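1. take this sequence and fold it.
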Amino acid sequence: MPRYSYVAKDIKGEIQLGTQEAENETTLNQILNEKGYFLIKKESLAAPTSKLELCLSFFSRISLAEKLLFVTNLQLMVSAGVPLSRAIGILAGHTENKKFKGIIEEISEKIIKGKSLFESMSGYPNVFPEIFCRMIEVGEEAGTLETVLDVLVKQMEKDYALRSKLRGAMIYPIIVFSLMLVIGIVMMITIIPKFSNLFSSMGVTLPFTTRVLIFTGNSLAKYWYLIPIVFLALFLFFRFSLKTNVGKLIWSKFSLRIPIIGSIVKKTNIAQTIRTLGSLLASGVSIVRSLEIISNTLGNIYYRRAIIMAAEDVKKGFHLAEVLQKYGNLYPQLITQVIETGEETGKTSLVLEKIAEFYEKDIDRITANLSSVVEPFLIVFIGLCVGFFALSIIQPMYGILGSV
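-> Got it, this is the predicted structure:
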């Protein structure tokens, strides 16, 4: 059945926005009249026309960029004095992602029925995380929604910029490693079996490295169809493992110890902790509740545990600075000293924002130089692989020449 987005007036003359399924425009008008609404404007909403389109719509991912655009436009409309229900309805009509569009329309309908923005968004934790909803709740209660939305926009812009830089920095090494892996597999399947036949016909005693290379090459050539299955199985295994507590713990510990990458992981978690805490405090959320919310947003278990314990200690009356001193391996002394200064002067949120900017700039510097730092390691690694391959082939050749 067709679905329409409409703008209507009620008996009191107030504007109402929403969506409604109806067989045609005449039926839509009748349904709205029965509800006491007078239709002003309508728009037919495009519905998925096939099962494939429905599946794609269901599994479509709502990116951080799309959410950032939504919050930015919402902040602009609220600051311009547009009623919240109308603003949400307008944004729904300009959202291209069908899944996100449906969610925004549902939020708009809930607001029209009298629910707050916080209550409406809380039903979609996978789209709007707790930190987002809690800041909205504080803004609505204090009458500072416009200010809170502005803080959220800045927070999301920082998160988006940080993620983009980290992804950009990792693209080069991932591409190089992937190409090397593909080329290596192709060579093992096509070239090594030919050398295997040559060495067998000559009756040469092969060194251990050559036997390993030939066995691997012959196995890959014989069971090449298993290669994508193995890679898929490994991918699913690691993905499933990272969802378990043991897997998360192992990965969290391993990621902190990887050369270069470990430094980025530490500084990213620090920047995320400090930036988010500053935003929550600036929005009026209590420090204990802020720490509890932050603990659910951090990816590294060790940082998450540290913040959970910090929240418990702050509940008991300890200052945040002295609590974080217990976790010097995660949060350097510089942070605790700066936070202590902020607590003494009553400007904790401002101080946290400044130190977050310091760490974000440091991450920018590291990621900007990451390709040039990683490149020598990649060259050495590729050289070792090529050397092993060449040595394993050349050694038997010298044996053949010596027997002649």
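
2. which stretches of the stretch 251-400 of the chain have low pLDDT?
-> Across the stretch 251-400 of the chain, the ranges flagged by pLDDT under 70 are 399-400.

3. and the helices in it?
-> Shown for the stretch 251-400 of the chain, the helices assigned by DSSP state H, counting those that start in this stretch span residues 261-282, 287-295, 301-315, 320-324, 333-345, 348-403.

4. looking at this, Gln20 is in a strand?
-> Yes. According to DSSP: H, G, I helix; E, B strand; the rest coil, Gln20 belongs to a strand.

5. pLDDT of the helix or strand hosting Arg163, averaged?
-> Here Arg163 sits within helix 145-190, counting by DSSP states H and E. Averaging pLDDT along helix 145-190 gives 81.

6. what's the offset of that helix from the middle of its chain?
-> Chain-centre distance of helix 145-190: 10 Å, with Cα atoms, centre = their mean, to the nearest Å.

7. ok, then the element right after it?
-> Scanning forward in sequence from helix 145-190 by DSSP H and E, the next helix or strand is helix 192-202.

8. what is that following helix packed up against?
-> Counting contacts by 3 or more Cβ pairs under 8 Å, 6 or more residues apart in numbering; DSSP states H and E, helix 192-202 is packed against helix 208-222, helix 348-403. To be clear about C-beta, it is placed using only N, CA and C from the backbone, and glycine gets the same treatment.

9. residues of the shortest one that come out buried?
-> In terms of neighbour count (16 or more other Cβ atoms under 10 Å), helix 208-222 has its buried residues at 210, 213-214, 217-218, 220-221.

10. need these in TSV (columns: pLDDT and distance to Ile308).
-> Formatted as TSV, the buried residues of helix 208-222 follow (pLDDT from 0 to 100; distance: Cβ to Cβ, whole Å):
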residue	pLDDT	distance to Ile308
Thr210	83	54
Leu213	84	50
Ile214	85	54
Gly217	85	51
Asn218	86	53
Leu220	85	47
Ala221	85	52
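
11. which among those gets closest to Glu157?
-> Distance to Glu157 across the buried residues of helix 208-222 (Cβ to Cβ) is lowest for Leu220, with 47.0 Å.

12. sorry, back to before: for the buried residues of helix 208-222, which one is nearest Ala65?
-> Nearest to Ala65 out of these is Leu220 (Cβ to Cβ; 40.2 Å).

13. go ahead and confirm the closest one touches Ile185.
-> Yes. Contact criterion Cβ atoms under 8 Å: Leu220 and Ile185 qualify, at 6.5 Å.

14. report the set of residues contacting both of these two.
-> Ile227 (Cβ atoms under 8 Å, 6 or more residues apart in numbering).

15. can you lay out the helices of the stretch 251-400 of the chain as CSV showing mean neighbour count?
-> As requested, those are exported to CSV (neighbours: other Cβ atoms under 10 Å):
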stretch, mean neighbour count
helix 261-282, 21
helix 287-295, 20
helix 301-315, 19
helix 320-324, 20
helix 333-345, 16
helix 348-403, 15
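
16. to Ile191, which of the ones you listed lies closest?
-> Taking Cβ to Cβ, helix 348-403 is the member of these nearest to Ile191, at 8.8 Å.

17. tell me how far the closest one lies from the chain's centre.
-> Here helix 348-403 is found 24 Å from its chain centre; the criterion is Cα atoms, centre = their mean.

18. between helix 287-295 and it, find me the angle.
-> Here helix 348-403 runs at an angle of 20 degrees relative to helix 287-295 (axes from the mean of the first three to the mean of the last three Cα atoms, to 10 degrees).

19. by contact count, what packs against helix 348-403?
-> Packed next to helix 348-403, using 3+ Cβ pairs under 8 Å, 6+ apart, are helix 145-190, helix 192-202, helix 208-222, helix 261-282, helix 333-345.

20. need these in CSV (columns: distance to Ser116).
-> Shown next, in CSV, are the helices and strands packed on helix 348-403 (distance: least, Cβ to Cβ, whole Å):
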stretch, distance to Ser116
helix 145-190, 10
helix 192-202, 67
helix 208-222, 60
helix 261-282, 19
helix 333-345, 32
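
21. so which of those comes closest to Glu353?
-> Among the helices and strands packed on helix 348-403, the nearest to Glu353 by Cβ to Cβ is helix 261-282 (4.6 Å).

22. show me how far that closest one is from its chain's centre.
-> Between the centre of helix 261-282 and the centre of its chain there are 15 Å (Cα atoms, centre = their mean).

23. Asn97 is in contact with Glu66, correct?
-> Yes. At 5.6 Å, Glu66 and Asn97 qualify as touching, with contact defined as Cβ under 8 Å.

24. now stretch 110-130, how far from the centre of its chain.
-> With Cα atoms, centre = their mean as the basis, stretch 110-130 stands 21 Å off its chain's centre.

25. which residues touch it?
-> Here stretch 110-130 has contacts from 16-18, 62, 67, 84-85, 88, 100, 103, 106-107, 132-133, 136-137, 140, 145, 293, 296-297, using Cβ under 8 Å, 6+ apart.

26. ok, 7 Å please
-> By Cβ atoms under 7 Å, 6 or more residues apart in numbering, the residues outside stretch 110-130 that reach it are 16-18, 62, 84-85, 88, 103, 107, 133, 136-137, 140, 293, 296-297.

27. out of those, who's nearest Lys243?
-> Checking the contacts of stretch 110-130 one by one against Lys243 (Cβ to Cβ), the nearest turns out to be Asn296, at 15.4 Å.

28. quick one, what contacts that closest one?
-> Asn296 makes contact with Glu130, according to Cβ under 7 Å, 6+ apart.
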